[in-house]
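Undergrad: just the structure for this:
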Amino acid sequence: MTGRPHPVIRTPDQRIRVFVSSTLRELAEERRAVRAAIERMRLAPVMFELGARPHPPRALYRSYLAQSDVFIGIYGDSYGWVAPDEELSGLEDEYRLAPPGMPKLIYVRASRQREPRLQELIARIQADDTAAYLPFESAGELEEQVSNDLATLLAERFDESRTPEGGADEIPPTPDSRLPVPYTSTIGRERELAEVRALLERGDDRVVSLIGPGGIGKSRLAVEIARAVEDLFPDGRYFLPLEGVFEPGLLLPTIAYVLGIRDNGEAALEERIARALAGRRVLLVLDNFEQIIDAAPLLVRLYSASPTAGFLVTSRTLLRIRGERVYEVRALEVPGTALHSAERVRASAAGRLFLDRAQAVQPDFAISDDNAAAVAEICLRLDGMPLAIELAAAKARLLTPQSIAERLEQSLPMLTAAARDVPDRHRTMRATIDWSVGLLEPEHRALLEDLGVFARRFTLEAVEALGAGRAWDGQALDGIAALVDASLVKRATIDGRSVLSLLAVVREYALGQLKEHGQAGTMRAAHADHYSGLVARVAPGLRGAGQRDSVLQLGLELPNLRAAVRHLVHTERLDDAGDFAWRLLVYWWIAGFFGEVRVWMLELLEKDRPVTPHTRAVARFFVLWSEMWQRPTEQVVAGLAECVRLFADSGDDDAAAMSLAARATARLQLPRPELDTAERELGEAVERLRAIGNPWAEAITEVSRGRLAWLRGLTDDAQARFDRATEVAEASGDLFTLSVAGNHQARLQLVRGEIDAAESGCVRTLLVSVRLHFEEGVAYGLEGLCAVAAARGDGERAGTLSAAAVAIRHRIGVFDAEAFTVHTPQLDAMRAADPAAVAAGERRGAELTVAEAIALALPDGERESLAAALSQW
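TA: Okay, the predicted model is just below:
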């Protein structure tokens with residue numbers, strides 16, 4: 001059976017999702033058997049009867065399929081209902097919509113009266129080499145067979161995941177660019193999903209705000225809505241977690257990061273985002289907006305510039321901006337006050353949620369007439385709050401519903417009485433967490449409080465590093481296990497690495513407790529020290545052969561890197577903050593985070609505290625960097641000259657040389673460029689960097705020297721500089737600078753008419769850019785190969801590659817300087833010679849994915865070597 005190339009097996013805490021397709025009524029018993037088999041393997045069944053069902057159904061099962069990992073089809077006698085105006089039943093449509101690479105397990109019940117259309121479908125399945133086809137006689141036999149087959153499938157995937165071919169150098173897309181995948185079913189939100197979808201489909205409201213208290217389920221609802229509206233937003237849906245973003249000035253950098261827009265300081269970030277969104281039907285989900293509510297007016301500017309984009313916000317408070325439509329997220333329906341039969345309780349959304357989460361920890365749990373009243377009492381006492389119900393249900397492994405209800409009756413009134421100054425449902429949520437935490441061992445309670453210092457995700461290793469001298473020192477593993485069992489900590493796997501997380505409302509609670517006990521400062525200092533040490537270990541790899549691994553590791557740690565800088569600035573460890581930021585200069589450049597760092601450095605400079613000359617130079621450098629590109633003035637040049645002096649006085653010759661190169665670059669941006677002075681300073685900077693042994697900065701500066709020579713028309717000198725930059729970057733293993741230098745080198749070869757050499761260079765740097773997941777570099781490569789195709793008279797290929805590059809630049813909001821847009825003359829000449837071919841190519845290129853465009857651009861042999869990397873795009 002053929003699956004996705006070189007899959008990586010997930011750990012059980014990721015809950016691999018298994019989509020089950022069959023007719024519902026005819027095979028109800030078989031569906032129950034398959035669900036039991038899936039849950040026995042601790043996997044997650046994806047079935048219509050388990051979750052919310054927004055209209056229309058086809059959009060729903062398309063969304064379910066998109067987030068599933070395995071397809072199971074069960075077929076009996078019936079082909080299924082064919083809706084009006086449709087040609088296929090949902091049964092056949094689901095099979096057709098399953099991705100080609102998704103493993104498919106097909107089970108066919110013995111029959112002599114199968115409908116002809118189902119017979120035809122089964123015949124096609126038998127001819128499909130991506131599906132395993134198996135007969136069965138009874139539901140019991142089916143349950144055993146499914147369990148065995150899933151175990152075999154996972155074992156196969158494990159073997160394949162241990163020996164990946166190729167792709168060793170790729171940096172995958174940031175985890176933050178994907179919609180989160182819920183590993184449990186969403187229950188009781190059918191109406192909300194349908195109503196919010198209708199608001200988004202209507203399009204009259206620019207911002208739809210899901211408003212409600214913590215724990216009401218706003219984030220989960222937003223994710224499910226985003227998954228159900230793919231047809232409304234075909235250009236993408238992006239989830240932006242804001243729970244670790246506390247400065248309004250960081251909203252734009254966070255949006256840019258999730259959209260894949262690099263902030264290298266060369267253009268205003270708001271302008272880049274607006275360009276990236278212009279004309280695209282995308283949905284941005286901004287989660288936990290309440291803590292940066294002052295940034296809300298930015299959304300007005302963004303939606304005004306990008307009228308086809310949609311904004312879905314979750315917040316505890318109203319944004320109060322033009323174009324906002326408020327949708328209040330209410331608690332789940334609770335059982336009525338009448339007699340609580342098992343049937344009545346199971347019919348309520350709150351009862352179904354309790355049942356589902358209780359079965360996750362106690363598989364044989366059931367709501368019976370004996371415990372139905374207790375379950376109803378729990379749901380009523382918790383006001384139908386989803387998170388509160390989940391926390392209570394997690395105790396079902398140790399306590400009966402009657403015991404849980406009794407403990408809640410004793411605890412909640414006392415706990416809520418202590419918080420009369422907050423709204424009812426806030427009190428209920430806080431009290432439920434208090435009650436849940438109160439059942440923990442003292443050491444585990446202390447651990448939960450200390451976890452409040454971490455950002456959105458963190459590792460067990462980081463937790464252990466912060467344990468010295470704490471009540472839970474040496475017990476981190478057991479403590480985390482206890483908190484996971486209590487549903488207070490979540491586990492997941494990102495790029496093969498196990499990570500932990502707290503829900504925003506639980507983190508808020510933990511940090512509040514930490515502050516109340518006077519320990520917040522101690523833990524923030526320990527957190528900052530740990531991540532400062534991590535940066536000191538990892539940062540040196542950014543300048544050479546370890547660049548790929550260093551960028552990947554720092555990307556996974558980014559939320560805590562942000563938190564560490566914030567801790568250092570807020571606790572006025574300003575020199576440590578400056579050192580932290582400077583060590584990561586190369587990372588900020590590669591990842592495009594200059595705007596974000598600028599916010600922190602401005603705050604540092606505003607502190608009325610003494611700092612070392614080195615720290616002042618670091619902060620000034622980051623502040624001046626974007627000024628140099630966007631608003632170049634003599635004052636910017638003078639400011640960078642001050643950085644050179646301060647770094648030199650501090651004994652940091654390396655930083656002084658890099659600041660000298662930046663000052664020279666600033667001279668080139670002036671309204672009246674100082675070419676001679678800039679050339680002299682760039683030459684001096686290169687000599688100093690070479691002597692110091694900083695090949696990364698040396699290569700980047702050589703690129704600047706080449707651009708200066710090119711602007712002067714000295715193409716021989718420019719080519720020599722680009723050649724030198726490529727040589728230095730290649731020798732040190734610096735993939736980022738190799739991509740930048742290689743693209744400049746190839747584009748100049750195009751201008752000089754060296755078509756064969758240019759093609760070879762474009763292919764080489766395109767390969768490097770793919771491995772770095774550097775989309776700007778990919779756009780350069782496609783444009784170069786567009787010019788090559790045009791020069792050789794292939795108008796359709798030239799048009800295709802040009803349109804694909806335009807689409808990338810549009811999406812990431814990065815547009816090249818006019819002086820270096822070298823492919824357009826050849827393309828324009830080709831368009832004049834064969835307009836029909838170019839137009840046909842442009843239509844085709846506009847429809848290609850990034851991976852498809854890259855595959856088209858590359859020679860056959862290179863394309864095969866990048867198959868694994870392209871699967872990440």
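
Undergrad: the residue of the chain most remote from its centre in helix, strand or coil?
TA: Centroid-distance maximum for the chain: Arg112 at 49.9 Å, with CA atoms, centre = their mean. Three-state call for Arg112 (DSSP: H, G, I helix; E, B strand; the rest coil): coil.

Undergrad: from Ile106, how far out is it?
TA: Per CB to CB, to the nearest Å, Arg112 is found 19 Å from Ile106. For the C-beta atoms, the positions are set from N, CA and C on the backbone; glycine is no exception.

Undergrad: got it, and Leu97?
TA: Distance from Leu97 to Ile106, by CB to CB: 15 Å.

Undergrad: one more: Arg667?
TA: Distance from Arg667 to Ile106, by CB to CB: 68 Å.

Undergrad: these two: which is more packed in?
TA: Comparing Arg667 with Ile106 by other CB atoms under 10 Å, the one with more neighbours is Arg667, at 24 against 20.

Undergrad: quick one, strands of the stretch 301-450 of the chain?
TA: 310-315, 324-328 (DSSP state E, counting those that start in this stretch).

Undergrad: please convert those to a markdown table, extending it with mean pLDDT and mean neighbour count.
TA: Below are the strands of the stretch 301-450 of the chain laid out as a markdown table (pLDDT from 0 to 100; neighbours: other CB atoms under 10 Å):
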| stretch | mean pLDDT | mean neighbour count |
| --- | --- | --- |
| strand 310-315 | 95 | 25 |
| strand 324-328 | 94 | 16 |
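
Undergrad: closest one to Ala462 among these?
TA: Ala462 sits nearest to strand 310-315 of all those, at 27.0 Å, using CB to CB.

Undergrad: okay, and the helix or strand of this structure with the least pLDDT?
TA: helix 57-66 (a mean of 64; mean pLDDT, DSSP states H and E).

Undergrad: who does the next helix or strand after it touch, helix- and strand-wise?
TA: Next in sequence after helix 57-66, counting helices and strands by DSSP states H and E, comes strand 70-75. With contacts taken as 3 or more CB pairs under 8 Å, 6 or more residues apart in numbering; DSSP states H and E, strand 70-75 sits against strand 17-21, helix 28-40, helix 90-97, strand 104-109, helix 116-126, helix 139-162.

Undergrad: name the stretch among the ones you listed that sits most buried.
TA: strand 17-21 (a mean of 25; mean count of other CB atoms under 10 Å).

Undergrad: and the angle from it to strand 70-75?
TA: 20 degrees (axes from the mean of the first three to the mean of the last three CA atoms, to 10 degrees).

Undergrad: what's the closest of the strands of the stretch 301-450 of the chain to Thr677?
TA: Among the strands of the stretch 301-450 of the chain, strand 310-315 sits nearest to Thr677 (CB to CB), with 46.7 Å.

Undergrad: contacts for that closest one?
TA: Residues outside strand 310-315 that contact it (CB atoms under 8 Å, 6 or more residues apart in numbering): 196, 200, 203, 206-211, 218-219, 221-222, 225-226, 232-233, 281-290, 293, 299, 302-303, 319.

Undergrad: so which residues of the stretch 201-350 of the chain form helices?
TA: Using DSSP state H, counting those that start in this stretch, the helices of the stretch 201-350 of the chain run over 218-228, 251-259, 269-277, 296-305, 342-347, 349-361.

Undergrad: and stretch 627-645, how far out from the chain's middle?
TA: 35 Å (CA atoms, centre = their mean, to the nearest Å).

Undergrad: picking up where we left off before, among the contacts of strand 310-315, name the buried ones.
TA: 196, 200, 206-211, 218-219, 221-222, 225-226, 233, 281-290, 299, 302-303, 319 (16 or more other CB atoms under 10 Å).

Undergrad: circling back to that earlier point, separation between the residue farthest from the centre of the chain and Gln119?
TA: According to CB to CB, Arg112 and Gln119 sit 11 Å apart.

Undergrad: next one: Pro180
TA: In terms of CB to CB, Pro180 sits 41 Å off from Gln119.

Undergrad: before we move on, what about Gly265?
TA: Distance, Gly265 to Gln119, using CB to CB: 64 Å.

Undergrad: again with Val535
TA: Taking CB to CB, one finds Val535 at 63 Å from Gln119.

Undergrad: got it, and Gly452?
TA: From Gly452 to Gln119 the distance is 60 Å (CB to CB).
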